[in-house]
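> got a sequence here, can you build the structure:
(2 chains)
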Amino acid sequence: NAGVTQTPKFRVLKTGQSMTLLCAQDMNHEYMYWYRQDPGMGLRLIHYSVGEGTTAKGEVPDGYNVSRLKKQNFLLGLESAAPSQTSVYFCASSYSRQGRNQPQHFGDGTRLSIL
Amino acid sequence: AQSVAQPEDQVNVAEGNPLTVKCTYSVSGNPYLFWYVQYPNRGLQFLLKYITGDNLVKGSYGFEAEFNKSQTSFHLKKPSALVSDSALYFCAVRDVMNDMRFGAGTRLTVKP
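All right, here's what the predicted structure looks like:
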């Protein structure tokens, strides 16, 4: 049981480049989330999805787009990377029963540096 | 909007001693409270949560947390710390209308 898998684990980009981070979960969870983790700031929600084909904005959505074409996958896109987007990105998923009070299961993160 | 504060960046304890990691919160309405732990180069792992009911919540690895509504606190505790408990701990809160908000994290170091 792999849980939540994020690819790639590391990436270095130049300013203005684009890329997509992939998150896959094999737990049949309805809800999926993308967070960024920055020193001293905890985790901040970028976007989330409550089911296949649906997405919603979180606390810090600017500069990012997401898609949930399949239930098991949640993609995070950076169209034009900026140095301020240097961060560690975490994907998480959870069951939908009782709404969003279920514990979230996290991947091991993608470390992204924008030069 | 809800918020959560972890007033200590770092907590140091000796192995075998009790540990406390502090968390205070602010929400409108009833809070839903969580503790997660993060080991180096890993994602967060769920420890425990308070939704309703008993104020003392027991979780994984011998951890527990006490919900105190009057003090708006949800401190994480363990009676006897282990060196392997050394990690980064996050408190999180949400209310019924909003998304989860995480604290900045507290680094726990348990010394032999």
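> pLDDT at the residue in chain B positioned nearest to chain A, what is it?
At 3.0 Å from chain A, B:G43 is the closest residue in chain B, using CB to the nearest CB. Just so you know, the C-beta spots here come from the backbone N, C-alpha and C atoms, and that holds for glycine as well. For B:G43, the model assigns a pLDDT of 92.
> list the residues that contact it.
B:G43 is in contact with A:4, A:90, A:92, A:106-109, counting by CB atoms under 8 Å, 6 or more residues apart in numbering or on different chains.
> could you do A:M41 as well?
Neighbouring residues of A:M41 by CB under 8 Å, 6+ apart: B:A104.
> thinking again about what came up before, now the residue of chain B closest to chain A: closest residue in space, sequence neighbours ignored.
With CB to CB, 6 or more residues apart in numbering or on different chains as the criterion, B:G43 has its nearest non-adjacent residue at 3.0 Å, and that residue is A:F106.
> likewise for B:N41?
A:D108 (6.9 Å).
> how far away is that neighbour from A:Q6?
Using CB to CB, to the nearest Å, A:D108 is found at 6 Å from A:Q6.
> could you do A:V88 as well?
10 Å.
> got it, and B:K49?
Noted for B:K49: a distance of 24 Å to A:Q6, by CB to CB.
> which of these two has more neighbours?
A:Q6 (22 against 18; other CB atoms under 10 Å in any protein chain shown).
> which ones are touching the more buried one?
Taking CB under 8 Å, 6+ apart, we find A:Q6 in contact with A:21-23, A:89-91, A:107-110.
> these into a markdown table, with extra columns for secondary structure?
Formatted as a markdown table, those follow (DSSP: H, G, I helix; E, B strand; the rest coil):
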| residue | secondary structure |
| --- | --- |
| A:L21 | strand |
| A:L22 | strand |
| A:C23 | strand |
| A:Y89 | strand |
| A:F90 | strand |
| A:C91 | strand |
| A:G107 | coil |
| A:D108 | coil |
| A:G109 | coil |
| A:T110 | strand |
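> ok, those residues vs B:K22, which is closest?
The shortest approach to B:K22 among those belongs to A:F90, at 23.6 Å (CB to CB).
> middle-most residue in chain A, spatially?
Nearest to the mean C-alpha position of chain A, counting by CA atoms, centre = their mean, stands A:W34 at 2.6 Å.
> in terms of helices and strands, where is that one?
For A:W34, the host element (DSSP states H and E) is strand A:31-37.
> check the offset of that strand from the chain's centre.
In terms of CA atoms, centre = their mean, to the nearest Å, the centre of strand A:31-37 is found 4 Å from the chain centre.
> name the helices or strands packed onto that strand?
strand A:19-25, strand A:43-51, strand A:73-78, strand A:87-94 (3 or more CB pairs under 8 Å, 6 or more residues apart in numbering or on different chains; DSSP states H and E).
> helix, strand, or coil at B:V93?
Under three-state DSSP, B:V93 falls in the strand class.
> any idea how far it is from B:R42?
B:V93 sits 22 Å away from B:R42, going by CB to CB.
> the two: who's more crowded?
B:V93 (25 against 15).
> I'd guessed the more buried one sits against B:Y32; true?
Yes - using CB atoms under 8 Å, B:V93 is in contact with B:Y32, at 6.8 Å.
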